[in-house]
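Visitor: return atomic coordinates for the entry below.
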Amino acid sequence: VQFVESGGGLVQPGGSLTLSCVASGFTFSSHGMSWYRQAPGKERELVATINLIGSINSGTRYADSVKGRFFISRDDSKSTLYLQMNDLKSEDTAAYFCKRSAFADNWGQGTQVTVSS
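Guide: Numbering: from 1, shown residues only. Got it, this is the predicted structure:
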């Protein structure tokens, strides 16, 4: 199982970024997926989750801190998870990671997002 995150960078407050996570080593379409982030000196936190397309529990969930600003999506044909981040704030600065929901997968290298003027 492997995750390769990309799309991070330096952005000004109020700006936008879209992160991507390419997954391999498992059947992507059979798993819920999540984005996490870890800021310097803080514990890793769950940012957003997306369930299986078409499942009874299909849908998305977000941390209160990003609700209405971040949007998670997936393209099962590409085994890719996305995180659209809008109206970025300095407190969104962190390394962002993806993995299967409810699985103890090894973490990928993550992608760094820095929000600063």
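
Visitor: dump the residue contacts of residue 30.
Guide: Residue 30 sits next to residue 52 when contact means CB atoms under 8 Å, 6 or more residues apart in numbering. Every C-beta, even on glycine, is put in place using the N, C-alpha and C of the backbone.

Visitor: for this protein, just list every one of the strands.
Guide: 2-6, 9-11, 17-24, 33-38, 45-50, 60-62, 70-75, 80-85, 94-100, 111-115 (DSSP state E).

Visitor: redo the ones you listed as TSV? Include mean pLDDT and mean neighbour count.
Guide: Shown next, in TSV, are the strands of the chain (pLDDT from 0 to 100; neighbours: other CB atoms under 10 Å):
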stretch	mean pLDDT	mean neighbour count
strand 2-6	97	17
strand 9-11	98	14
strand 17-24	98	19
strand 33-38	97	22
strand 45-50	97	19
strand 60-62	94	15
strand 70-75	96	18
strand 80-85	98	22
strand 94-100	97	22
strand 111-115	98	18
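
Visitor: mind listing the residues bridging to the most centrally placed residue in the chain?
Guide: Residue closest to the average C-alpha location in the chain (CA atoms, centre = their mean): residue 35, at 2.9 Å. Following DSSP bridges, residue 35 is listed with bridge partners residue 48, residue 98.
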